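Enquirer: fold the following, please.
(one chain, ligands or ions: 1)
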Amino acid sequence: MEEELLQKLSSFVLTNAEEEAVLLDAEDFNVSHQECARSAMGKILTHKGINLGGLKASMDLAWGYPKGLKVMEVGGGIYQFVFGNEMDLVRVIAGGPWLFNNQLIVLQRWEEGVKPDQINFSYSPFWIQLRALPLEFMSVVVGRKMMVGFGDVLEVVMAQLSGNQGRCIRVKVELDITKPIPRGKYVRTADWNPIWVSFRYEKFPHLCHYCGLVGHDDKACMLKYNESKAGIMKVNQYGVWLRASPVKAPFKKKFEGRSEGSPAESSATARAGQEGTED
Ligand SMILES: [Zn+2]
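Expert: Residues are numbered from 1 along each chain as shown. Below is the predicted model of the structure:
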């Protein structure tokens with residue numbers, strides 16, 4: 001739409017008043033510029049309508065009521081989240097992934113000069129649990145190697161699962177969400193035959209159980225439609241079995257400036273640090 005208008009403009013004969021550019025001083029947009037500098041742009045991957053009040057209330061709760069949070073709709077499924085201070089903005093961006101009504105919100109820090117439709121929302125962090133590994137594979141290096149081919153590893157920690165489910169490796173990885181999410185990976189050594197390690201996702205978003213993409217369900221899946229028409233439809237390849245069970249939280253403090261589940265993360269990080277294998 002915007003491009004069409006710009007093309008039309010080249011054929012316009014402008015009046016003098018139209019042609020004379022308005023000169024803006026920095027103070028004319030000082031406040032809005034400061035707000036943008038403390039904001040994140042978020043895309044919610046859903047076809048469903050979003051209630052702005054509901055989104056604000058949900059994110060206030062999920063983010064521990066950050067002071068002065070403002071949520072504005074930009075269009076095209078993109079929202080701007082303005083924070084009262086830099087610390088809350090950094091904490092929320094680092095604490096992802098985030099969900100709204102189980103729909104994934106892909107957050108990017110606002111960047112000067114980048115228009116909303118130019119922001120790349122193709123990558124999102126995910127916390128993946130690697131479970132039922134042989135005990136001798138429980139290392140940060142193994143966690144990193146298991147993600148080769150899937151995305152950049154942001155963090156690896158050893159964690160205790162709730163109940164008596166034992167320990168797991170938790171990997172925070174930046175996945176390309178234009179591709180189906182990975183379900184697991186074979187691992188082997190010189191002495192061991194390959195064994196399959198299933199991936200389990202914390203904060204598991206709604207996704208298509210047929211093709212594994214985030215942003216639609218199997219009723220709106222083009223791949224399913226085309227394969228069904230061609231008579232080669234498969235059984236659903238994805239499902240809620242990819243959802244992780246909670247990590248044991250040794251203590252819980254509300255609104256201490258951390259995202260949900262962080263106490264377990266930080267204690268697990270400390271443990272991984274003690275093992276001296278993070279780097
Ligand atoms: Zn699909």
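Enquirer: tell me the contacts of residue 48?
Expert: Residues in contact with residue 48 (Cβ atoms under 8 Å, 6 or more residues apart in numbering) are 101, 103. Every C-beta, even on glycine, is put in place using the N, C-alpha and C of the backbone.
Enquirer: mind checking how far it is from the ion?
Expert: Per Cβ to the ion, to the nearest Å, residue 48 is found 16 Å from the ion.
Enquirer: confirm that that residue sits in a helix.
Expert: No. Under the criterion used here (DSSP: H, G, I helix; E, B strand; the rest coil), residue 48 is coil, not part of a helix.
Enquirer: quick check: phi and psi at it.
Expert: Dihedral pair for residue 48: phi -80, psi 150, per degrees, to the nearest 10.
Enquirer: now it: how far from residue 119?
Expert: Using Cβ to Cβ, to the nearest Å, residue 48 is found at 21 Å from residue 119.
Enquirer: what pLDDT does the closest residue to the ion within the stretch 51-200 of the chain get?
Expert: Closest residue of the stretch 51-200 of the chain to the ion, Cβ to the ion: residue 180 (8.4 Å). Residue 180 carries a pLDDT score of 97 in this model.
Enquirer: who's in contact with it?
Expert: Residue 180 touches 211-213, 237-238, counting by Cβ under 8 Å, 6+ apart.
Enquirer: return the distance of whichever strand or helix holds residue 227 from the chain's centre.
Expert: Element membership for residue 227 (DSSP states H and E) is helix 222-229. Taking Cα atoms, centre = their mean, to the nearest Å, the mean C-alpha location of helix 222-229 is offset from the chain mean by 27 Å.
Enquirer: buried stuff in it?
Expert: Under the neighbour-count criterion of 16 or more other Cβ atoms under 10 Å, helix 222-229 has 223-224 buried.
Enquirer: how about residues contacting it?
Expert: With Cβ under 8 Å, 6+ apart, helix 222-229 has contacts from 208, 210-211, 218, 233-234.
Enquirer: wait, residue 167 touches residue 138, no?
Expert: Yes. The criterion here is Cβ atoms under 8 Å, and residue 167 meets it with residue 138 at 6.3 Å.
Enquirer: got any residues that touch both of those two?
Expert: residue 158.
Enquirer: thought residue 47 was touching residue 216, still the case?
Expert: Yes. With contact defined as Cβ under 8 Å, residue 216 counts as touching residue 47 (6.3 Å).
Enquirer: look up the pLDDT of residue 266 for me, please.
Expert: 37.
Enquirer: re earlier: give me the more crowded residue out of residue 216 and residue 47.
Expert: residue 216 (18 against 10; other Cβ atoms under 10 Å).
Enquirer: doesn't the more buried one lie inside a strand?
Expert: No. Assignment of residue 216 by three-state DSSP gives coil, placing it outside any strand.
Enquirer: just list the residues touching it, thanks.
Expert: 47, 208.
Enquirer: re the thing from before, using ChimeraX, define a selection of the buried residues within the contacts of helix 222-229.
Expert: The ChimeraX selection below is limited to those of these classed as buried (16+ other Cβ under 10 Å):
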select :208,210,211,218
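Enquirer: next up, phi/psi of residue 137, please.
Expert: Per degrees, to the nearest 10, the backbone of residue 137 is at phi -90, psi 0.
Enquirer: from residue 56, how far out is it?
Expert: Applying Cβ to Cβ to residue 137 and residue 56 gives a distance of 43 Å.
Enquirer: next: residue 139.
Expert: When residue 139 is compared with residue 56 (using Cβ to Cβ), they lie 42 Å apart.
Enquirer: between the contacts of helix 222-229, which is nearest residue 160?
Expert: residue 208 (32.3 Å; Cβ to Cβ).
Enquirer: quick one, what contacts the closest one?
Expert: Residue 208 touches 214-218, 220-221, 224, 238, counting by Cβ under 8 Å, 6+ apart.
Enquirer: hmm, 10 Å instead?
Expert: By Cβ atoms under 10 Å, 6 or more residues apart in numbering, the contact set of residue 208 is 180, 214-224, 236-238.
Enquirer: so which of these would you say is closest to the ion?
Expert: Nearest member of the contacts of residue 208 to the ion, counting by Cβ to the ion, is residue 221, at 3.0 Å.
Enquirer: wait, that closest one sits on residue 234?
Expert: No. Between residue 221 and residue 234 there is no contact under Cβ atoms under 10 Å: 11.3 Å.
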